[in-house]
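S.K.: Requesting a structural model of the entry that follows:
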Amino acid sequence: MILANIEIIGEKEHQQAIDWERKEQLRKEMEHIRLNLEKRKRTELARFRELLAKAKRLDQTEIIRSYIKVVEENAINNNSITPDLRDWISWAKRKANWFDPMIEADDELLDGVDRSTLCYCSLKTRKKFSFCFFMQPC
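M.R.: From the prediction side, this is the model:
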């Protein structure tokens, strides 16, 4: 009788251990699923932020190009275009091409500048310098 009770208790403890292991395995699987979902959400949000930033840059590039065109047309109409203004127009068009998310032309002087934030990170000091104009400060 005592031996039978010990066997029953042992069987119950064994079953409890099996149940605990199943629950622990299920908890680990759920945690893995949760972490995977968190990672996917962070990635999705980063991709969307990049999409939004590029859309804003495209819109801002169109504003810049429109401004350049108005300045140029105004100077032509007023017969006041100068060599300095021609240089400025050429410079402004190059900057618009650098900023345009569809072109992203190289610009030696703006190398290291994040086009979306317009913040410059010095490669030597690793310090950020804010030259923000359109976007939020760095």
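S.K.: how about the strands of the protein, start to end?
M.R.: With strands called from DSSP state E, the chain shows them at 113-114, 119-121, 128-130.
S.K.: mean pLDDT lowest for which of those?
M.R.: Lowest mean pLDDT within the strands of the chain: strand 128-130, a mean of 54.
S.K.: so where's this structure shaky on pLDDT?
M.R.: Within the chain, the stretches with pLDDT under 70 are 3, 122-138.
S.K.: Report all helices and strands that whichever helix in it runs longest contacts.
M.R.: Secondary structure of the chain per DSSP state H: the longest helix is helix 2-77. With contacts taken as 3 or more C-beta pairs under 8 Å, 6 or more residues apart in numbering; DSSP states H and E, helix 2-77 sits against helix 83-99. Yep, even glycine has a C-beta here, placed from its N, CA and C like the rest.
S.K.: Find the nearest non-adjacent residue to residue 110, please.
M.R.: Of all residues not flanking residue 110 in the chain, residue 98 sits nearest, at 5.8 Å (C-beta to C-beta, 6 or more residues apart in numbering).
S.K.: thought the one you found was touching residue 108?
M.R.: No: if you go by C-beta atoms under 8 Å, residue 98 and residue 108 don't touch, sitting 10.2 Å apart.
S.K.: more crowded one of the two?
M.R.: residue 98 (18 against 5; other C-beta atoms under 10 Å).
S.K.: For the more buried one, give me its contacts.
M.R.: 104-107, 110, 115 (C-beta atoms under 8 Å, 6 or more residues apart in numbering).
S.K.: Buried ones among the residues you listed?
M.R.: 110, 115 (16 or more other C-beta atoms under 10 Å).
S.K.: and the contacts of residue 98, which two are the farthest apart?
M.R.: The most widely separated members of those, counting by C-beta to C-beta, are 106 and 115 (11.7 Å).
S.K.: Count the residues that sit near residue 16.
M.R.: Using other C-beta under 10 Å, residue 16 is surrounded by 10 other residues.
S.K.: ok, so what distance separates it from residue 8?
M.R.: As judged by C-beta to C-beta, to the nearest Å, residue 16 and residue 8 stand 13 Å apart.
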